[in-house]
Structures are given as C-alpha cells and as structure tokens.
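Chemist: Kindly generate the corresponding structure for this input.
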Amino acid sequence: MRRTIKRDADLLITDEQEPVKSRLRERGAGERPVELENFLNCLARAMLHPSASTMASFVAGKVFQKLERAGTLREGRPSDSGIPAGLEAALQNAIATKGVNFEVAQYVRRLAGQLIWIRGRSGPFASLNFEKAHAHSVIVGPGGLEDRADIRIGLTYMEPYSRFPDHVQRFSRAFLLLSPCELSIGGESWFSTGTGGVFAAEAGQSFAMRCTTTPLLAIWCHVEEPGR
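Modeler: Just a heads-up that it's a prediction; the model follows:
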C-alpha cells in the first residue's frame with residue numbers, strides 16, 4: 001500500500017513553529033567573520049566536488065553564487081546555545097576521514113557555540129525518541145549567524161539509532177553528510193551513504209533519513225526564492 005506524506009510539512013524548516021529572534025546589525029560583505037568565510041569556502045569545495053551528483057552541484061551552486069553578497073550578521077552569542085551532547089562524537093567521525101570533510105568539521109566545531117540549536121517536531125515514521133534525539137541549527141539564513149531570506153544553510157544532528165520523520169521537500173536541497181547515513185528519496189529503496197557523501201533531493205520529493213550505530217550530522221542548503 002502506498003503511504004501518503006503530508007506535503008505542507010518540510011520538517012528541516014523549524015522556525016515557522018519556533019521563531020528565532022536575535023539582535024542584528026548590518027555589515028558589509030568584506031566584514032564576514034573569517035571562520036564563517038572559511039567554513040563556507042570549505043563547504044563549497046565539498047559540495048561542488050566533481051564526485052558530487054549533478055543535481056547536488058546545481059542546487060549548491062545557486063546557493064554559493066548568492067553568498068557573493070553577505071547578509072546581516074548577528075552580534076554576540078546565544079545565552080543558551082543548547083549544543084547537542086553528542087555533537088563532538090559526530091564531528092570526530094568526520095575529522096577522522098581527513099581531507100575537506102576534516103576541514104568542514106573543524107569549522108563546524110568552532111562555530112557550534114555561536115549557533116542557535118532548535119528541536120523540531122516529530123512526524124510520520126520517526127523514531128520514538130526523535131524529539132529528544134535531534135537538533136537543527138541555521139548557519140546562514142533566517143535566524144542564523146548570517147541572517148538573510150534568500151538562502152539557507154543548516155545543520156541537522158541525530159543521535160545513533162534515530163530516524164528523521166518522512167516528509168516532502170518544499171525546496172530542492174543539497175546535502176553533505178559528515179557521517180554514515182541511510183536514505184530513501186522519492187519513495188525509492190533505502191541506500192547507504194558514507195561520510196563525505198553529497199546528494200540532492202528535489203522539491204516535491206518524499207525524503208527519509210536514518211542512522212544506526214554512529215550519530216548523524218548533515219549540512220544542507222537550498223535557495224528560498226525559486227527561480228531567482
């Protein structure tokens with residue numbers, strides 16, 4: 001029997017349910033903090049690598065093109081960042097692989113304390129512990145370190161033996177995995193992807209994600225203004 005997934009719920013976007021308010025100030029493109037700039041450069045190298053899928057590179061390429069202009073940068077640090085307890089273990093898995101994944105993970109570690117971490121709602125086929133076993137953060141986008149409305153670059157963390165709620169993507173989205181992961185896109189069979197995997201899920205496709213013995217850490221990005 002074919003299962004039905006609600007099409008009005010893209011569960012990687014949490015700010016509609018839990019708005020993030022922060023004090024902002026305008027800064028120019030030349031003033032983007034060095035660690036954030038270096039993180040974005042490393043992420044671009046990973047997501048635009050020749051081994052990435054054509055769709056993933058297409059989606060990520062549009063995001064990085066828009067990053068030529070800096071957004072609004074948040075002042076200071078959150079009073080309670082709520083960094084997931086298992087984040088360091090997930091980062092260590094990526095750091096052990098060396099190469100560009102090592103560099104991306106090192107910058108995530110340095111930025112983690114400046115991020116606002118949010119737990120989203122559960123949904124169809126999610127693991128029973130999901131609401132306590134995961135966290136999202138926006139690095140660039142609404143409420144992020146660089147606040148802007150046109151794109152979003154985010155992090156998703158899940159504890160071992162967790163499954164993300166099945167949902168339908170509102171936007172075409174590219175992912176970089178900093179951990180092993182199992183995926184099902186568009187209702188197709190599950191497949192495994194290792195650390196450093198880059199893939200995409202198109203707007204309107206169903207999306208399912210789970211991890212087993214190691215925590216999951218994924219970086220994802222999309223353009224929030226299709227066609228622009």
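Chemist: Distance check, the nearest residue to Leu216 once chain neighbours are set aside against Asp166.
Modeler: Sequence neighbours aside, Met158 is the residue nearest to Leu216 in space, at 4.1 Å (criterion: C-beta to C-beta, 6 or more residues apart in numbering). Every C-beta, even on glycine, is put in place using the N, C-alpha and C of the backbone. Applying C-beta to C-beta, to the nearest Å, the value for Met158 to Asp166 is 14 Å.
Chemist: Of the two, which one has the most company?
Modeler: Neighbour count, other C-beta atoms under 10 Å: between Met158 and Asp166, Met158 has more, with 26 against 20.
Chemist: so what's the more buried one up against?
Modeler: Phe130, Ala133, His134, Phe164, Met209, Cys211, Pro215, Leu216 (C-beta atoms under 8 Å, 6 or more residues apart in numbering).
Chemist: Which of those residues fall in helices?
Modeler: Secondary structure assignment (DSSP state H) places none of those within helices.
Chemist: Inside strands: which ones of those?
Modeler: Here DSSP state E is the test, and those give His134, Phe164, Met209, Leu216 as lying in strands.
Chemist: Between its first and last residues, what's the separation in stretch 178-197?
Modeler: 8 Å (C-alpha to C-alpha, to the nearest Å).
Chemist: Tell me the helix or strand right after the helix or strand that His136 is a member of.
Modeler: Here His136 sits within strand 134-140, counting by DSSP states H and E. As assigned by DSSP H and E, the chain's next helix or strand after strand 134-140 is strand 146-147.
Chemist: Let me see the ranges of the helices in the chain.
Modeler: Under DSSP H, the chain gives helices at 34-47, 54-66, 87-95, 99-111.
Chemist: quick one on the thing from earlier: in the strand holding His136, what counts as buried?
Modeler: Neighbour counts over strand 134-140 (16 or more other C-beta atoms under 10 Å) mark His134, Ala135, His136, Ser137, Val138, Ile139, Val140 as buried.
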